[in-house]
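K.L.:
All I have is the shape, not the residue letters:
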Ligand code: ADP
């Protein structure tokens with residue numbers, strides 16, 4: 001039965017946006033951040049960045065000269081740094097006389113403009129804590145200090161034209177230094193600042209174009225990326241919906257990128273496993289109903305015969321009814337056990353007990369029950385062993401192996417149980433006990449061996465009356481030993497009998 005598409009829950013549909021829009025918004029946001037950064041750095045702060053770089057450069061040059069002022073080669077040093085940094089330099093005495101001079105920039109103010117008053121400089125610098133920044137127009141007739149720097153009141157070049165009208169393109173840095181003879185000197189450095197306004201305007205126009213291009217580009221990119229990412233996801237989604245309707249033959253074809261390929265492999269595996277479970281479920285229902293029907297038919301048949309025919313009302317027939325009822329009980333118990341064991345919904349009572357005695361008692365009971373049918377179970381034990389485990393569960397596992405051996409043993413009807421102690425190399429050579437149940441029956445084909453421990457697996461799918469089983473016995477053994485951290489296995493070949501074994505830590 002297929003369910004309609006509306007069956008699938010679609011939570012918060014209105015709040016979900018498609019992957020395409022998500023990527024688009026993400027890219028748009030990313031472009032927005034980039035553009036804001038570009039705008040800030042290239043338009044808003046470009047001027048101040050440039051100026052601070054120039055100021056640092058001129059300060060560093062001044063420091064170099066200050067350090068070497070007592071050097072005998074000071075004249076050479078001044079002309080070298082002056083040339084290297086494109087800065088005009090003068091070293092003046094406190095009265096304003098030139099001691100050293102280097103003139104590298106044509107038209108610099110400190111060398112070319114007569115209006116630059118060197119005599120007054122000393123008092124100005126001293127009044128300004130020994131350090132003075134001045135900004136000049138190229139013609140040197142107007143000057144302004146940085147708005148935020150404190151300046152002395154008497155500035156020396158007051159002439160026209162006013163500062164606001166022209167781009168200030170020269171920076172003069174003056175600093176007082178002391179030489180070896182304790183004379184105060186004034187270091188004057190003149191650096192050109194190129195006007196950045198024109199650059200800023202160009203960048204602004206460029207940014208308009210870049211913004212438009214980025215938006216267009218993110219739309220196209222978002223569209224391509226979203227298609228590339230979402231197409232395989234959509235395909236997988238469609239297949240998953242088919243799987244959910246119970247179509248286990250659905251094939252997931254994930255291509256495009258690694259994660260999707262892995263996801264589709266996983267889903268293909270899941271679909272395969274689900275189909276196996278479904279097959280097992282159907283088989284189980286068929287098996288269990290068959291197994292339930294056989295004893296029920298016998299019980300009702302014998303009961304009716306005993307009721308209607310006085311001759312049939314004997315203890316043998318009553319025994320058959322009792323046996324069949326027991327068989328039914330076992331079947332129902334097995335089904336309950338396995339579901340409990342496999343959901344982990346089971347209490348394990350670990351207690352030290354003598355496993356040798358416990359095995360021997362089980363065998364004696366079984367021998368008594370089966371000796372009329374000619375079965376013989378031998379028990380060989382090297383010595384008595386006490387271990388901590390859940391006695392009821394371990395007996396149940398052993399009992400399952402024993403009943404299998406009885407069911408499947410050969411015509412000699414012989415079964416041998418052996419108990420041995422060994423040092424387990426897989427567990428630091430500690431002492432372990434191994435219990436083996438050997439029969440002389442038909443054995444198990446190599447291709448069936450890996451599956452016999454699975455739930456509901458039966459080698460002989462046709463139900464012979466003599467051997468009925470739920471296919472759960474070995475699966476119960478496996479679960480019990482897993483709980484006890486024991487090991488289990490089988491050695492068997494077709495027509496050569498089987499040896500089922502399990503081991504437990506002592
Ligand atoms: P079942 O209730 O059918 O015996 P089990 O889980 O106990 O289920 O066993 C699974 C299958 O393993 C059985 O159907 C049988 O074919 C095979 N098997 C188990 N024990 C033996 C044995 N001693 N000799 C041969 N085959 C065995």
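P.N.:
The structure has been received and is ready for your questions. Because the structure is predicted, anything quoted here is derived from the model rather than measured.

K.L.:
Quickly list the domain ranges of the protein.
P.N.:
As given by automatic domain parsing, the domain ranges for the chain are 16-67+196-244, 87-98+107-142+156-191, 246-331, 347-505.

K.L.:
Of those domains, give the one that comes closest to the ligand.
P.N.:
Closest of the domains of the chain to the ligand is domain 347-505, at 2.2 Å (criterion: CB to the nearest ligand atom). For glycine as for every other residue, the C-beta is placed from the backbone atoms N, C-alpha and C.

K.L.:
Let's verify the spatially closest residue to residue 272 that is not a sequence neighbour: helix, strand, or coil?
P.N.:
Distances taken as CB to CB, 6 or more residues apart in numbering put residue 248 closest to residue 272, at 7.8 Å, once the chain neighbours are dropped. Recorded secondary structure, residue 248: coil (DSSP: H, G, I helix; E, B strand; the rest coil).

K.L.:
Is it correct that residue 401 is in contact with residue 498?
P.N.:
No. Look at residue 401 against residue 498 with CB atoms under 8 Å: they stay out of range, at 9.7 Å.

K.L.:
Specify the local secondary structure of residue 95.
P.N.:
Under three-state DSSP, residue 95 falls in the coil class.

K.L.:
Low-confidence ranges, the stretch 401-506 of the chain, go.
P.N.:
Applying pLDDT under 70 to the stretch 401-506 of the chain flags residues 455-470.

K.L.:
Tell me who's in contact with residue 59.
P.N.:
By CB atoms under 8 Å, 6 or more residues apart in numbering, the residues touching residue 59 are residue 173.

K.L.:
for residue 75, same thing?
P.N.:
Listed by CB under 8 Å, 6+ apart, the contact set of residue 75 reads residue 100.

K.L.:
Confirm it sits in a helix?
P.N.:
Yes. Residue 75 sits within a helix when classified using three-state DSSP.

K.L.:
how close does it get to residue 69?
P.N.:
Counting by CB to CB, to the nearest Å, the gap from residue 75 to residue 69 is 11 Å.

K.L.:
Equivalent analysis for residue 337, please.
P.N.:
Where residue 69 is concerned, residue 337 sits at a distance of 100 Å (CB to CB).

K.L.:
ok, now residue 103?
P.N.:
Separation of residue 103 from residue 69 (CB to CB): 19 Å.

K.L.:
So the two - more neighbours on which side?
P.N.:
Counted by other CB atoms under 10 Å, residue 103 and residue 69 do not tie: residue 69 has more neighbours, with 18 against 15.

K.L.:
where exactly do the helices run in the chain?
P.N.:
Counting by DSSP state H, the segments of the chain that form helices are 19-39, 46-67, 74-85, 109-112, 121-127, 197-244, 258-308, 315-343, 355-370, 391-408, 473-483.

K.L.:
now what about the shortest one, what contacts it?
P.N.:
By that I understand helix 109-112. 88, 90, 101, 103, 116, 118, 136, 140, 170, 172, 188, 190.

K.L.:
center of the chain - which residue?
P.N.:
In the chain, the centroid-proximal residue (CA atoms, centre = their mean) is residue 259; its distance is 11.9 Å.

K.L.:
OK, contacts around residue 449?
P.N.:
Counted by CB under 8 Å, 6+ apart, residue 449 has contacts 490, 492.

K.L.:
cool, and the one 4 residues further on?
P.N.:
The neighbours of residue 453, taking CB under 8 Å, 6+ apart as the test, are 474-475, 477-478, 488.

K.L.:
try residue 217
P.N.:
Residues in contact with residue 217 (CB under 8 Å, 6+ apart) are residue 31.

K.L.:
and it, what pLDDT?
P.N.:
In this model, residue 217 is scored at 86, pLDDT.

K.L.:
Residue 102 now?
P.N.:
Residue 102 is given a pLDDT of 92.

K.L.:
repeat for residue 308
P.N.:
As predicted, residue 308 sits at a pLDDT of 92.

K.L.:
what about it, neighbour count?
P.N.:
9.

K.L.:
what do you get for residue 35?
P.N.:
Neighbour count of residue 35, defined by other CB under 10 Å: 15.

K.L.:
Report the spatially closest residue to it, excluding sequence-adjacent ones.
P.N.:
Per CB to CB, 6+ apart, closest to residue 35 is residue 211, 5.6 Å.

K.L.:
in terms of contact, does residue 478 touch residue 488 like I think?
P.N.:
Yes. Taking CB under 8 Å as the definition, residue 478 is a contact partner of residue 488 at 6.2 Å.

K.L.:
before we move on, back to that, tell me which residues touch the residue nearest to residue 272, please.
P.N.:
271-272, 274-275, 278.

K.L.:
again, 6 Å this time
P.N.:
271, 274-275 (CB atoms under 6 Å, 6 or more residues apart in numbering).

K.L.:
got the domains of the chain as a markdown table, with distance to residue 80 columns?
P.N.:
Shown next, in a markdown table, are the domains of the chain (distance: least, CB to CB, whole Å):
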| stretch | distance to residue 80 |
| --- | --- |
| domain 16-67+196-244 | 10 |
| domain 87-98+107-142+156-191 | 11 |
| domain 246-331 | 60 |
| domain 347-505 | 79 |
